[in-house]
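> Below are the sequence and a predicted model; questions follow.
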There are 2 protein chains.
Amino acid sequence: MHLDRTDFAILRELRKNARLPNKTLAERLGVAPSTALERVRRLRAAGAIQGFHAEIDPRAVGIGLQAMISVRLARHARGDVDAFHAYLLTLREVLSFYHVAGANDYLVHVAVRDSDHLRDFALDAFTTRPEVAHIETSLIFSFRRNPDLPVYRDADEP
Amino acid sequence: MHLDRTDFAILRELRKNARLPNKTLAERLGVAPSTALERVRRLRAAGAIQGFHAEIDPRAVGIGLQAMISVRLARHARGDVDAFHAYLLTLREVLSFYHVAGANDYLVHVAVRDSDHLRDFALDAFTTRPEVAHIETSLIFSFRRNPDLPVYRDADEP
DNA sequence: CCCATTTCCGAAGAATGTTCGGAAGTGTGC
DNA sequence: GCACACTTCCGAACATTCTTCGGAAATGGG
């Protein structure tokens, strides 16, 4: 798909604020609202915009503790990896996860009530699983997201 | 702050879809649109909702490679940590980062054009810094986010 | 049981979202 | 350089939603 500088500007703006009114967005782009609307719709359809999410304060919902669990699998066949992917998504304590290269295979970001919950969850969800060879848990003190989106592609259209 | 089950439902819905129309949201909650609007406004003001963000496909903006860089600091005084926090936010390649307990102090999620860019970035942004004692880079094969929000607090109001 | 306080609702006005036909721009082949 | 096909863009009109606000309903102490 061919994106121009207007598309990149849309992605930047909506990454910062997904609820930016279309009219305001259009003004910042220097195009008509109908044009901005059509652009956003196309970006969604093309998959460049994958979704819109609210960021929630963990404390508000009783999440007292977050951790990053590094997971090493016993086998690394395609099927094992896919199955583990799907399994992770069924765990409500899992906020997100990274499949990485290196000594560990997965970095799993989990949110729990307290340290008891973390211990129980680590044991039940990972340690007892046969495909999991090893886990290592690190408490998360804080998490920050960069509101700015890096754009490396050239603006190949005016 | 006191949240009831309606508030929790709002947080769940907006985490899944930040652009859910207020009218639709109100229908799902079983309240009037004006009520839903006031609730959302209050949740934002109270900080329970920290923001709304579009999720962008990295490939669309020329991000060919993502990596998790584990960083170990030389000193761990409050000032050092705060300064490193602020520094990370100035780097456009940084999408997000975790401050963690354990052998490593930071997990930094970075997005770059290619492996050359990654090497240059790791050297320039981390290795040459005096407060950085050690780094370790892991390529990210894939990243997934769980659309569901875990809610551990009881619904203490009807 | 009553009063103070908070929350909720519904209607109306303001603002935005959305559609669509035509204009303007773009690129290609002749 | 021109004509044609094609794509993109715009602006006005309509539909829908957002937002406000006064009053009703619910809540919780005393």
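Structure received. Just so it is clear, the model here is predicted, and its values are computed rather than measured.
> Buried residues, the longest helix along chain A. List them.
Once chain A is assigned using DSSP state H, the helix that runs over the most residues is helix A:33-46. For helix A:33-46, the neighbour count (16 or more other C-beta atoms under 10 Å in any protein chain shown) marks A:36, A:39-40, A:43 as buried. Quick note: C-beta positions are derived from backbone N, CA and C, even for glycine.
> And that helix, how far out from the chain middle?
How far helix A:33-46 lies from its chain's middle: 22 Å, per C-alpha atoms, centre = their mean, to the nearest Å.
> who does it touch, helix- and strand-wise?
With contacts defined as 3 or more C-beta pairs under 8 Å, 6 or more residues apart in numbering or on different chains; DSSP states H and E, helix A:33-46 has these neighbours: helix A:5-16, helix A:22-29.
> how about 10 Å then?
helix A:5-16, helix A:22-29, strand A:49-56, strand B:49-56 (3 or more C-beta pairs under 10 Å, 6 or more residues apart in numbering or on different chains; DSSP states H and E).
> Give me the mean pLDDT for that helix.
Throughout helix A:33-46, pLDDT has a mean value of 94.
> who in chain A is up against DNA strand D?
Proximity of chain A to DNA strand D, by C-beta under 7 Å from any atom of the strand, involves residues A:6, A:30-35, A:38-39.
> now do 10 Å
Residues of chain A lying close to DNA strand D (C-beta under 10 Å from any atom of the strand) are A:1-2, A:4, A:6-7, A:19, A:21, A:26, A:29-39, A:42, A:157-158.
> and DNA strand C, which of those contact it?
Counting by C-beta under 10 Å from any atom of the strand, A:19, A:21, A:26, A:32-38, A:157-158 from the residues of chain A next to DNA strand D sit close to DNA strand C.
> I'd like the average pLDDT over the longest strand anywhere in chain A.
Taking DSSP state E as the criterion, chain A has its longest strand at strand A:132-145. Averaged over strand A:132-145, pLDDT sits at 96.
> Any idea how many residues pack against A:Val132?
For A:Val132, the count of nearby residues is 17 (other C-beta atoms under 10 Å in any protein chain shown).
> and the nearest residue to it once chain neighbours are set aside, what is it in contact with?
Nearest residue to A:Val132 in three dimensions, chain neighbours excluded: A:Phe126, at 5.0 Å (C-beta to C-beta, 6 or more residues apart in numbering or on different chains). Neighbouring residues of A:Phe126 by C-beta atoms under 10 Å, 6 or more residues apart in numbering or on different chains: A:69, A:71, A:87-88, A:91, A:106, A:108, A:110, A:132, A:134-135, A:137.
> so which of these is the most crowded?
A:Val110 leads the contacts of A:Phe126 on contacts (other C-beta under 10 Å) with 28 neighbours.
> Which neighbours in the sheet does whichever helix or strand it is part of have, and how are they oriented?
For A:Val110, the host element (DSSP states H and E) is strand A:106-112. Partner strands and pairing direction for strand A:106-112 (DSSP bridges) are strand A:65-73 (antiparallel), strand A:94-100 (antiparallel).
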